[in-house]
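*Asks:* requesting a structural model of the entry that follows:
(one chain, ligands or ions: 1)
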Amino acid sequence: MRKDDCLFCKIVAGEIPSTKVYEDDRVLAFRDVNPQMPTHVLIVPKNHYDNIGDGIPDEELGYLFNTVRKVAELEGVAESGYRVIVNTNDDAQQSVHHIHVHVLGGAPMNSGDPSQK
Ligand code: AMP
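*Replies:* All right, here's what the predicted structure looks like:
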């Protein structure tokens, strides 16, 4: 399930390069091109969904979020801590409309200004 004009579908297909952190048959995790933290990884389902409100089957959404733990372990931030963000639509400044989970860590963060990543 692919959307032709979607940047992250092109990354999943290998048509646009990315720095891969983890991949299996259902998800791809790669480094954000503009990292906001020492660890800044994006996890996407290989199937296209615009955002978290796009009717993602429970099983697929659960799989996506279970991948967070794997990425945190691979990145060495599972114990020190990390932040998980899913920007959704305009007020949250979602800029790529293929659902993606930001995993941020590697240094202490502030208590969580909701306007920031
Ligand atoms: P969001 O604002 O939540 O939609 O996040 C989109 C993220 O995708 C931003 O943090 C961008 O830096 C990141 N991004 C955009 N293009 C690429 C790319 N080609 N490779 C990796 N990350 C990207």
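*Asks:* what parts of this protein come near the ligand?
*Replies:* Within the chain, the positions lying close to the ligand (Cβ under 6 Å from any ligand atom) are 7, 16, 18, 32-34, 42, 87, 93-96. Where you see a C-beta, it was placed from the backbone N, CA and C, and this is true even at glycine.
*Asks:* any low-confidence regions in this structure?
*Replies:* Within the chain, the stretches with pLDDT under 70 are 114-117.
*Asks:* longest helix of it?
*Replies:* Assignment by DSSP state H gives helix 58-75 as the longest helix of the chain.
*Asks:* where do the helices of this structure begin and end?
*Replies:* Applying DSSP H to the chain gives helices spanning 7-12, 58-75.
*Asks:* the longest strand belonging to the chain to helix 58-75, inter-axis angle?
*Replies:* Secondary structure assigned by DSSP state E gives strand 39-45 as the longest strand of the chain. Strand 39-45 runs at 150 degrees relative to helix 58-75, counting by axes from the mean of the first three to the mean of the last three Cα atoms, to 10 degrees.
*Asks:* just to revisit the earlier point, which of the residues of the chain next to the ligand fall in strands?
*Replies:* Those of the residues of the chain next to the ligand lying in strands (DSSP E): L42.
*Asks:* now, of the residues of the chain next to the ligand, which are buried?
*Replies:* Burial by neighbour count, judged by 16 or more other Cβ atoms under 10 Å, picks out 18, 32, 42, 87, 94 from these.
*Asks:* between the residues you listed, which is closest to the ligand?
*Replies:* N87 (3.4 Å; Cβ to the nearest ligand atom).
*Asks:* C-alpha coordinates for the longest helix of the chain, CSV please?
*Replies:* Taking C-alpha atoms only, helix 58-75 is exported to CSV below (Å, rounded to 0.1, in the frame of the first residue of the first chain):
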residue,chain,number,x,y,z
ASP,A,58,-4.7,-2.1,15.7
GLU,A,59,-2.3,-4.8,14.9
GLU,A,60,-0.3,-2.6,12.6
LEU,A,61,-0.3,0.3,15.0
GLY,A,62,0.8,-1.9,17.8
TYR,A,63,3.6,-3.3,15.8
LEU,A,64,4.8,0.2,14.9
PHE,A,65,4.9,1.2,18.5
ASN,A,66,6.5,-2.0,19.7
THR,A,67,9.4,-1.2,17.3
VAL,A,68,10.1,1.9,19.4
ARG,A,69,11.6,-0.4,22.1
LYS,A,70,13.8,-2.2,19.6
VAL,A,71,15.1,1.1,18.2
ALA,A,72,15.7,2.4,21.7
GLU,A,73,17.7,-0.7,22.6
LEU,A,74,19.7,-0.5,19.3
GLU,A,75,20.5,3.2,20.0
